[in-house]
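# Below is the sequence, then the predicted model.
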Amino acid sequence: MDNISNQHIQNSKIQILLIFILTVSTFLLAIFALGMGSSTNLDFLTTLKIVLSLEEATTLQSDIIWKLRFPRILMAIVGGIALATAGALMQGCLGNPLVSPLTLGVASGAALGAALAIVIGFSISGELAYLFSFFGLFPGILYWPPIEFILFYSDSLAIIVNAFLFSLIVVAIIIQLGNLRSVSAESYILVGIAITFIAGAIVSTMQYFATDAQLSQLAHWSFGSLSRPTLWDAVLIMIIVIILMPFALIRAWDLNTLSLGGDDFAISTGVDPKVTRKKILIFSALMTSIVIAFTGLIGFLGLAAPHMSRLIVGNDYRKLIPCSAVFGALLMLLADTLGRTLFAPIIIPVGIMLSILGGPFFMYLLLRNRSGF
Amino acid sequence: MSPPRKLREVIEIEDLNFSWKNNHVLEDVNISIPNNQLIAILGINGAGKSTLLKCINKILKPDSGNIKLQSNDISDLNLVELAKRISYVPQSVLTSFSMEVFDVVLLGRRPHISWRISNEDRDKVSKTLKFLNLEDFAFRRFNQLSGGERQRVIIAKAIAQDPNLFLMDEPTSDLDLKNQIEVMTCIKKLVSKKEGTKSALIAIHDINTAARFADRILLLHDKKIVADGTPEDVLTEENIANVFGVTSEIIPKSKSNPLRVIIKDKTNEYKENTEEE
Ligand SMILES: Nc1ncnc2c1ncn2[C@@H]1O[C@H](COP(=O)(O)OP(=O)(O)O)[C@@H](O)[C@H]1O
Ligand SMILES: [Mg+2]
């Protein structure tokens, strides 16, 4: 081992330490957020005591903590992880610092898919139960855990599947765009804007056909919020994210190669750019869809979190993916906690908070794009 | 210059044809490259040098013909296997996301590793950096280097890849005189290691650099290899007039100097050969 190698190991250790500090900060913020809220009989200290089982909680208190705040916080964390990871992957595989689930239109596609599923009324659990019990012949089989799990989540899964299918349409458009020669970084964004307009127009049209209840659900789509997902939605997304993350990480070298040197450089380093791009875009669309399906449109997180991480750990995807994930969780949690405490008891949806913070950031990126990252 | 013993071929190209739509660029090109040879390809702009290198590296798919790498057809090799044996230095690398020089060179290890980098990989990188006098740049950002420095980093990445064949597309075009000589000397050293099995195929513009370092020169002209042999065989006044359309004077190789080409013009005399656009 010589000193250059040692220095490289040293630098890596510092970066891993920084990721660790970020993780701890996120965890602390989560505990803090659990104690924050508009409820007067539940201040921060009381919450802390209840969580640490130092104090008996009233039913109301325990409901507020575990049924209102906890699902929200869990959703902020897993949602932030998924959206930020998706953003980092998209930026790397297209070699384009301006792209993210929102700016490419993938998020709008997913939101449209989810909205359609909700309004047109996708309740497949009844049909599924009938099918699983072999047309009513073996009703007992419905209590077999795996089938119970699927049935419990069938409506949620249906929404996710529909969101994913619609986001795939957008991915297909992006891949076609990439096959054209000499598309500029900005072209992707313009196409993304067009897709967002179209999806928005369709959702607006749907409002004319929606019932009052559906209307209030649709209102979420333009500005995503964390108040809708239940604890079980958040748990489902958490499970999916835990299963998916390793697949993102094993692509780290491919992303390093693609994002540093482009297609020819990638091929000569053993990476097939077209195949890799396709796989990663589909994967990112899935990551985006699972969140957007429950929260509605949340933007800028997938753009901002990776860029802030690049400042800390550089562009090595082996560290950038975990760092973006943690940063995403931290930012989403921060934005949501601010949103529900700044003007309490009025709650500002996290989607609005992030747009207020993220919009200027996006403009900054657009303006400095020429100088490279 | 060809060594007396029979060498194993690194790569054999048979009847290679390539066209861009209706523009037939390479026609029935045959090249065979044995171990331990540094081969320069010369030709005017647009002759098809880059195209030829990209066909060998599977960046472009030829219309017809066979390319055998150590007697395996390259179409049977996947990109990782190919990258273990061939490394390619593109004419230029455009980056959108920059990395530290060390990490760029580390990408050369990508075909050889699964996920974790070992200390051997790190040492290979730092050895390569030292070999090319880049150790002071190790932790500088790639996009903040000058064009020539970047070119050397990409060459270092190719060397760290530890291939049997280097394909280099004008690797010295952005380098100053001293670095041109140093880089070419490094490549020559790698290739001529007798126990090694490395060769290099280098597209180059500077005739005199080619004459000085190449064991063999290929002249690519009008879709074909029109001359193939030692610098003395290939760099004749007649060949240079045919291919580059300039008159020249050849100063033959001597004990202290390699063969040199002096390009002349009908009216002026140039000391240098500048046929670049
Ligand atoms: N992407 C491309 N599309 C169409 N024609 C191309 C492309 N790249 C190169 N060519 C054409 O192929 C020929 C050979 O180009 P190239 O291999 O780059 O030449 P060289 O490297 O010798 O200067 C030129 O006539 C050039 O115009
Ligand atoms: Mg060229």
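Received the coordinates, thanks. Ligands and ions are numbered 1, 2, ... in the order given.
# Other residues contacting stretch B:128-137?
A:4, B:101-102, B:105, B:108, B:126, B:138, B:145, B:149, B:152-153, B:155-156, B:159-160, B:182-183, B:186 (C-beta atoms under 8 Å, 6 or more residues apart in numbering or on different chains). Bear in mind the C-beta positions are built from the backbone N, C-alpha and C, glycine included.
# Which members of these are positioned in helices?
Counting by DSSP state H, the contacts of stretch B:128-137 place A:4, B:101-102, B:105, B:126, B:149, B:152-153, B:155-156, B:159-160, B:182-183, B:186 in helices.
# which among the residues you listed gets closest to B:Leu38?
Nearest to B:Leu38 among the ones in helices among the contacts of stretch B:128-137 is B:Cys186, at 11.2 Å by C-beta to C-beta.
# for the closest one, what are its contacts?
B:Phe131, B:Leu132, B:Ile155, B:Ile159.
# residues touching residue 76, list them.
Picking chain A for this. Residues near A:Ala76 by C-beta under 8 Å, 6+ apart: A:Ala33, A:Leu226, A:Ala329, A:Met332, A:Leu333, A:Asp336, A:Val350.
# contacts for stretch A:86-93?
A:96-97, A:99-101, A:104, A:106, A:248, A:251, A:255-256, A:258-259, A:276-277, A:280-281, A:283-285, A:287-288, A:301-303, A:305-306, A:309, A:317, A:320-321, A:324, A:328, B:97.
# burial count for residue 210?
Picking chain A for this. 17 (other C-beta atoms under 10 Å in any protein chain shown).
# Correction: the question concerned chain B.
27.
# mind checking which helix or strand the nearest residue to it once chain neighbours are set aside is in?
Among residues not flanking B:Ala210 along the chain, B:Ala40 sits closest, at 3.8 Å (C-beta to C-beta, 6 or more residues apart in numbering or on different chains). Using DSSP states H and E, B:Ala40 sits in strand B:38-42.
# Likewise for A:Gly178?
Going by DSSP H and E, A:Gly178 is in helix A:154-179.
# now B:Asp176, nearest residue through space, not along the chain?
Per C-beta to C-beta, 6+ apart, closest to B:Asp176 is B:Gly148, 6.3 Å.
# Verify the stated contact: that neighbour with B:Lys178.
No - the criterion here is C-beta atoms under 8 Å, and B:Gly148 misses it with B:Lys178 at 10.3 Å.
# For residue 239, grab the count of nearby residues.
You didn't pick a chain, so chain A it is. 14.
# wrong chain, I was asking about chain B
By the criterion of other C-beta under 10 Å, B:Asn239 has 18 neighbours.
# Could you list the residues of the stretch 151-277 of chain B in contact with chain A?
Where the stretch 151-277 of chain B comes near chain A, counting by C-beta under 8 Å from any C-beta of the partner chain, the residues are B:Gln161, B:Leu167.
# quick one: the residue of the stretch 151-277 of chain B found nearest ligand 1 from chain A, how far?
Nearest residue of the stretch 151-277 of chain B to ligand 1: B:Ala203, at 6.2 Å (C-beta to the nearest ligand atom). The gap separating B:Ala203 from chain A is 14 Å, by C-beta to the nearest C-beta, to the nearest Å.
# re the thing from before, residues touching the residue nearest to B:Asp176, list them.
B:Gly148 makes contact with B:Asp174, B:Leu175, B:Asp176, B:Asn179, according to C-beta under 8 Å, 6+ apart.
# Pick the one among these closest to B:Gly46.
Out of the contacts of B:Gly148, the member with the shortest distance to B:Gly46 (by C-beta to C-beta) is B:Asp174, at 19.7 Å.
# hang on, the closest one in a strand?
No - read with DSSP: H, G, I helix; E, B strand; the rest coil, B:Asp174 is coil and lies in no strand.
# hang on, it packs against B:Gln151?
Yes - using C-beta under 8 Å, B:Asp174 makes contact with B:Gln151 at a distance of 4.9 Å.
# which stretches of the chain aren't confidently modelled?
If you meant another chain, say so; for now it's chain A. A:1, A:38-41, A:121-136, A:139, A:142, A:151, A:181-182, A:220, A:369-373 (pLDDT under 70).
# hm, I was asking about chain B
Low-confidence segments of chain B, defined by pLDDT under 70: B:1-7, B:265-277.
# what are the ranges of the strands in it?
B:9-20, B:23-34, B:38-42, B:64-69, B:72-73, B:86-89, B:165-169, B:199-203, B:216-221, B:224-229, B:247-251, B:260-264 (DSSP state E).
# Name the residues of the fourth one that come out as buried.
It stands for strand B:64-69. By 16 or more other C-beta atoms under 10 Å in any protein chain shown, the buried positions in strand B:64-69 come out as B:Gly65, B:Ile67, B:Lys68, B:Leu69.
# Give me the most central residue, the chain.
All of this refers to chain A. A:Leu83 (2.6 Å; C-alpha atoms, centre = their mean).
# hmm, I had chain B in mind actually
By C-alpha atoms, centre = their mean, chain B has its centre lying nearest to B:Ile202, at 2.1 Å.
# okay but that one is in contact with B:Pro171, surely?
Yes - look at B:Ile202 against B:Pro171 with C-beta under 8 Å: they come within range, at 6.4 Å.
# Need the residues touching each of these two.
B:Ile187.
# what does chain A have sitting close to chain B?
Those residues of chain A that sit near chain B, judged by C-beta under 8 Å from any C-beta, are A:1-2, A:4-5, A:7-9, A:11, A:91-92, A:95-97, A:185, A:249-250, A:252-253, A:256-257, A:259-265, A:267-272, A:310, A:314-316, A:318, A:372-373.
# sorry, back to before: so the residue nearest to the centre of chain A is in which element?
Per DSSP H and E: helix A:70-94 holds A:Leu83.
# Give the buried residues for the next helix or strand after that helix.
Downstream of helix A:70-94, the first helix or strand assigned by DSSP H and E is helix A:106-120. Within helix A:106-120, the residues scored as buried using 16+ other C-beta under 10 Å are A:106-119.
# For the residue nearest to the centre of chain A, give me its contacts.
Shown in contact with A:Leu83 (C-beta under 8 Å, 6+ apart): A:Pro101, A:Met287, A:Thr288, A:Val291, A:Ile298, A:Leu301, A:Gly302, A:Ala305, A:Gly328, A:Met332.
# Show me which of these is closest to ligand 1.
Relative to ligand 1, the closest of those is A:Pro101; by C-beta to the nearest ligand atom it sits at 31.6 Å.
# what about B:Asp176, neighbour count?
B:Asp176: 11 neighbours (other C-beta under 10 Å).
# backbone phi and psi for it, please?
phi -80, psi 170 (degrees, to the nearest 10).
# and the gap between it and chain A?
Noted for B:Asp176: a distance of 23 Å to chain A, by C-beta to the nearest C-beta.
# on that earlier part again, does the residue nearest to B:Ala210 have beta-bridge partners, and which?
Beta-bridge pairing for B:Ala40 (DSSP bridges): B:Ile202, B:Ile217.
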